[in-house]
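Asks: what follows is a protein structure lacking sequence information:
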């Protein structure tokens, strides 16, 4: 039996693309957790979508055995985390299951916005921080400069910063030794079993599989267990760990991280943040759990086939089990029955839609993303997540505002400030974190950053700027609803809420884009943008037209006119009964306008 003193729980945190997954690969190689013939890059990124995009979406827990030169063997529970701002909730749950964190910083890029955000999350949980300077083998690496930034940020000695190359393996053994020496052993205070569920997923053969950090006591196969918040009881069919493949164990003991399988088909029975305890000797108090993630971006998801509504409901419920930050509720609009979904950001929305289409074989249409607004009507505050629900008359509308942190080289400060002011931002602070890099703090309306802000920031700074944000609250603003009418019918999914100063510009851009994407019909299709019940922009998709006068060779002009009038009357009649089908590309294009 492994002693709790020889167990270390730690996670890897960093900004996106600073080498977390590569470092995890090297740690698995050194500890020989994976046979040589099965080794591959990004081994902990198990989804195809993660490999294709080169990003980590899900935090992955894995257990390895590390034998030091003195012959002592240590059990290391490692959690590789995502680096993108949209997956911060995933990072916060992983941090809560650990006692230490490897803060990885790219030697060629230095400290970036998400480095700071993840560092503060780890500090809030009082984790032992081990700074790691990665990619020192790159020709453009600025090791002295970035080391100085880390010393200033963390207040540590230069000798405490580990300098490694995860790609070549240089210095990685020192990382494992530092984890053993610096990260404290897990603490256990009670005899009664308490395990925190920090992640879960649905397996079609085994039901709900829950990842658990066992804080007190032990869990073994055959134990009758109770979920303390949902008050559900079930018997454990298997307990084990990932190393990195699922490996069954006789028991999970205090301080360890592993999985439990109870054959549950009801996905509500054991949710993320719940506490599992044994029925035979139950704990008195559950563990604190997690605060609920607050959705930032809302969009409607509709199946293209109406019969797929129930399949979409089941798919969203199973995906929510694996992604606790996803929110959804049924919704009915002119696009049919679907769901209003809440996401943490635009990338999160893209990933969820792609996972639903791939993993559950669904064909979906997404409406334009929007934020959550507060509207004051007759002295009462209503919350609006769908632009089409905005009432025609109201006393005040408030929009969500975020506190944004932007880090960029000093030569791009002017470009970044210009972009923020274009998006109605207010500068809060400016600070030089080194002689070359500046940290800007702005208050920005959420609606201005959920579409293309990040792309614009990267293009104006040649990819050198980084960006992170957190909710600040709601502020009153002069906002209006812009609706899109196709052939006189309002298309709810394309409605947007924008600032009055930008309404004409956005309406014009939407109609021009839709004109390119809506296929021509046998009749004329007007595309209009309306604000406050008046049209502010219009484009027309021209009708196909047959040359009905081609058969007339000479003769009286009245004969040609008669044929043209007959065609015109037919087109008018067709327009009254004809419907226009808007392709999925049109909805997707609206997201990027």
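Replies: Structure received. Values in this document were obtained by computation on a predicted structure and should not be read as measured data.

Asks: what about stretch 366-386, average pLDDT?
Replies: Average pLDDT, stretch 366-386: 83.

Asks: between the two ends of it, how far is it?
Replies: Its start and end residues considered, stretch 366-386 measures 13 Å (CA to CA, to the nearest Å).

Asks: what packs against the helix or strand encompassing residue 320?
Replies: Using DSSP states H and E, residue 320 maps to helix 309-322. Packing partners of helix 309-322 (3 or more CB pairs under 8 Å, 6 or more residues apart in numbering; DSSP states H and E): strand 194-203, strand 297-303, strand 327-333, strand 336-343, helix 346-359. All C-beta atoms are positioned from the backbone trio N, CA, C, and that covers glycine.

Asks: and for that helix, what are the contacting residues?
Replies: Outside helix 309-322, the residues that touch it by CB atoms under 8 Å, 6 or more residues apart in numbering are 58, 199-202, 208, 267, 271-272, 301, 303, 326, 328, 330, 336-339, 341, 352, 355-356, 359-360, 362, 364.

Asks: buried among those? Need that as a selection in ChimeraX.
Replies: Selection command for ChimeraX covering only the buried members of these, criterion 16 or more other CB atoms under 10 Å:
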select :58,199,200,201,202,208,267,271,272,301,303,326,328,337,338,339,341,352,355,356,360,362,364
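
Asks: so where do the strands sit in the stretch 401-550 of the chain?
Replies: For the stretch 401-550 of the chain, applying DSSP state E, counting those that start in this stretch gives strands covering 426-432, 437-445, 466-476, 479-486, 489-490, 496-499, 525-531, 534-541.

Asks: mind listing the strands the fifth one pairs with, and their directions?
Replies: Put plainly, it is strand 489-490. strand 479-486 (antiparallel) (DSSP bridges).

Asks: off-centre distance for the partner strand?
Replies: Relative to its chain's centre, strand 479-486 lies at 27 Å (CA atoms, centre = their mean, to the nearest Å).

Asks: report the rounded mean pLDDT for that strand.
Replies: Mean predicted lDDT for strand 479-486 stands at 87.

Asks: strand 525-531 and that strand, what's the angle between them?
Replies: Strand 479-486 runs at 170 degrees relative to strand 525-531, counting by axes from the mean of the first three to the mean of the last three CA atoms, to 10 degrees.

Asks: coming back round to it: in a markdown table, list the helices and strands packed on helix 309-322 along with mean pLDDT and distance to residue 124.
Replies: Listed next are the helices and strands packed on helix 309-322 as a markdown table, based on pLDDT from 0 to 100; distance: least, CB to CB, whole Å:
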| stretch | mean pLDDT | distance to residue 124 |
| --- | --- | --- |
| strand 194-203 | 82 | 16 |
| strand 297-303 | 84 | 24 |
| strand 327-333 | 81 | 24 |
| strand 336-343 | 84 | 24 |
| helix 346-359 | 86 | 22 |
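
Asks: in stretch 304-323, which residues are buried?
Replies: Across stretch 304-323, burial judged by 16+ other CB under 10 Å covers 308, 312-313, 315-316, 318-323.

Asks: now, which of those sits nearest residue 191?
Replies: Nearest to residue 191 out of the buried residues of stretch 304-323 is residue 321 (CB to CB; 30.8 Å).

Asks: distance check, that closest one against residue 359.
Replies: Noted for residue 321: a distance of 12 Å to residue 359, by CB to CB, to the nearest Å.

Asks: for the helices and strands packed on helix 309-322, give me CSV that also has distance to residue 396.
Replies: Compiled in CSV, the helices and strands packed on helix 309-322 are given as follows (distance: least, CB to CB, whole Å):
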stretch, distance to residue 396
strand 194-203, 41
strand 297-303, 20
strand 327-333, 25
strand 336-343, 23
helix 346-359, 27
